[in-house]
Structure formats: structure tokens, C-alpha cells
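Trainee: Provided below for reference: sequence and predicted model.
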Amino acid sequence: MAADISRRVVLRAAGLTLLAAGAAGCTNGAPSAAPAAPSATTSSAAASSAASSAVSSAASAVSETPGAVAGASTVAGVLTTKASPTSPLPASSGTPATPVAAAVPTVPGGPSVEVGTGPAGSGQVALTFHGGGDPATAQSILDIAADRGARITVLAIGTWLEANPAMAAAIVGGGHDLGNHTWSHPVLSDLGADEVREEITRCRDLLIQLTGSPGPFFRTSSGQHASELILAEAGAAGYPRTLSYDVDPQDWTDPGAAAVREGAARAAGGSIVSLHFGHPGTVAALPGILDDLQARALQAVSASTLLAG
């Protein structure tokens, strides 16, 4: 009978020791008839093969045993494991589990980008309104827009929204954009970083409270263009785009409806027009402004729609 070949594999996991032994040339525990004696080289190879088989079988058994752990290694034919309370061995032997990276909080992507016009040659124009003043004028503008199938963009002042919270639902419910025009409409470029940040974030937080969203845009106050500081703070507050404009009828000076309409007529495809709630002349001019746009095959849309084109 060929010499018995045995190997012992010791597995240490959760304080348990598993013993696996195999013998070559035995069947059902009884010795078989002795074959011709193999050569030393053949015996050595058979021993190595039997040992490898025993190690594989034992490793497979461990992988299916509750409490078995990762970190197995083989030294001089002995498979050992290092206990680890947080890293169970995968059910399939061979390929180790891939570590799962922890979720990383989203970080603002840098300064906001100022946008003053949409795509040139577009068949659309964005009428944008400073959200402030008498809410009755705001409602009249919303009613005109609804009657004409127009969409507008309102950049609201935080204090105005705080005093007239129902306007938020009226604007958003009409399919219009509602964005951030600072909390109190100061000359924003005269303020330091902390004050600029508070003006932006305080209005943003109220918008979220009233609508569930900070709005798609920020617009600086008391100026057409935002400074680098303002753009940095707007970006940090979550506004990737700061909305400017390329057409300003200066309706806030109350020049009369005819002058406001004439000023708005400078809009071309892709223009963003600056207008204001709170001024009766703007309310009176709006139907004519929409007529003029329609006559030139231009559609009044929200800034979001314009810039998506």
C-alpha cells in the first residue's frame, strides 16, 4: 500500500480550530490494494496535490461557516486567519470583497457664472421681474401672463416674500421661475463677504421654506453685474448661475407705459429683459410688450427655458 499522505490545516477564526486531514490510497476508511510503489518524485507531487486539495476544501468550509473572517494567508502549507469583527469573508472563495467607499457630501462647484443673454437668434425672450412693491401689481402681471400664455421669471426680494408669502405659490403655480434677489435689496457690491453671504442665504432659505427649492437663479441687487465676491458667495450658496440682463427699459423710474414698451422693444431673440413689479406703468405696458414680441415671432418664456435651449 502506498504511504499515507496527510496534511493538517489549522484555521483560527473566532477562537475555533478546524482540523482537515486527507489520506491518499484509502477508500471508505479501509485500505485498498497496494499498487506498485511510485517514484519519489511522483509521491512528492501527489502529496503536494493532496495538500492543496485539503487546503482548498478547508477554506471553502470556512467561507460557509458563520463567524469566519477575512484575512486568510498560507504559510508553509498552513492556512491561518486573522480575526476581524467588521470584515466577514465573502461567501465565494478566491476574490476578496471590494471595499465600499463612504458617501462624500456634495461640495459647491465654485463661483456662480453670470448669464446676461440666452442663445443668439433664439425664437424666445425672457421677461424677468424684480419681485417687490405692491403685490397687487404682481398679481396683475401674473394674470396678464396667464391670459397670454406667457411665462416669466421673478427674482424676489426676501423681505417682500416674507411679507407676501402667498405670492411664492402664485408664481411657481403659474409655471414661472422664482429666484433669489437678496434679502433686503442693498447695494450689494458695497458689502463685505459676511454681509453678502447673509443677504443671499437668508433669501435662499425662505425660498426653500415656501417652495421647497432655492430657485434656479440668483440676481445681484442695485446693479446689472455681480462682482467676483458676489459670484463666489452665490456659488457657495448653491446658485450655479447668476442672472443678469441685456435689455433694461428702466421701468423702475416710472417713465410711463409707452416708454417702457419702447424700451422693451429692443429685445431680440435670446434677450433677457429687466422689469419690475410695483410699477403701474409696467403693468400697463405688458400687453403691448407681448404683442410686439408676437409680431416678431418671439415667445416670452422663463429664463430656465431660454437658457435650456
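Mentor: That came through fine.

Trainee: Which positions within whichever strand or helix holds residue 258 qualify as buried?
Mentor: Assigned by DSSP states H and E, residue 258 belongs to helix 257-264. Residues of helix 257-264 classed as buried by neighbour count (16 or more other C-beta atoms under 10 Å): 257, 259, 260, 261, 262, 263, 264. C-betas here are computed from N, CA, C, even on glycine.

Trainee: any chance of these in TSV, with pLDDT and distance to residue 197 too?
Mentor: Conversion of those to TSV gives the following (pLDDT from 0 to 100; distance: C-beta to C-beta, whole Å):
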residue	pLDDT	distance to residue 197
257	98	39
259	98	37
260	98	34
261	98	38
262	98	39
263	98	34
264	98	34
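
Trainee: tell me which of those residues is nearest to residue 119?
Mentor: Closest to residue 119 out of the buried residues of helix 257-264 is residue 264 (19.3 Å), distances taken as C-beta to C-beta.

Trainee: For the closest one, give me its contacts.
Mentor: By C-beta atoms under 8 Å, 6 or more residues apart in numbering, residue 264 lies in contact with 127, 247, 249, 273, 275, 285, 289, 292.

Trainee: Apply 6 Å and report the result again.
Mentor: With contact set as C-beta atoms under 6 Å, 6 or more residues apart in numbering, residue 264 has these partners: 249, 273, 289.

Trainee: was I right about the first one contacting residue 262?
Mentor: No - look at residue 249 against residue 262 with C-beta atoms under 6 Å: they stay out of range, at 7.5 Å.

Trainee: Please report how far residue 278 lies from residue 209.
Mentor: 23 Å (C-beta to C-beta, to the nearest Å).

Trainee: hmm, I was thinking of residue 123
Mentor: Distance from residue 123 to residue 209, by C-beta to C-beta: 36 Å.

Trainee: before we move on, what about residue 294?
Mentor: Counting by C-beta to C-beta, the gap from residue 294 to residue 209 is 37 Å.

Trainee: For residue 201, identify the helix or strand it belongs to.
Mentor: Counting by DSSP H and E, residue 201 is part of helix 193-211.

Trainee: which outside residues touch the helix or strand that that helix is followed by?
Mentor: The helix or strand immediately downstream of helix 193-211 is helix 228-236, counting by DSSP H and E. By C-beta under 6 Å, 6+ apart, the residues outside helix 228-236 that reach it are 108, 110, 111, 112, 188, 196, 197, 200, 218, 220, 242.

Trainee: do that again at 8 Å, thanks
Mentor: Residues outside helix 228-236 that contact it (C-beta under 8 Å, 6+ apart): 108-114, 188-189, 193, 196-197, 200, 218, 220, 226, 242.

Trainee: Good, wrapping up.
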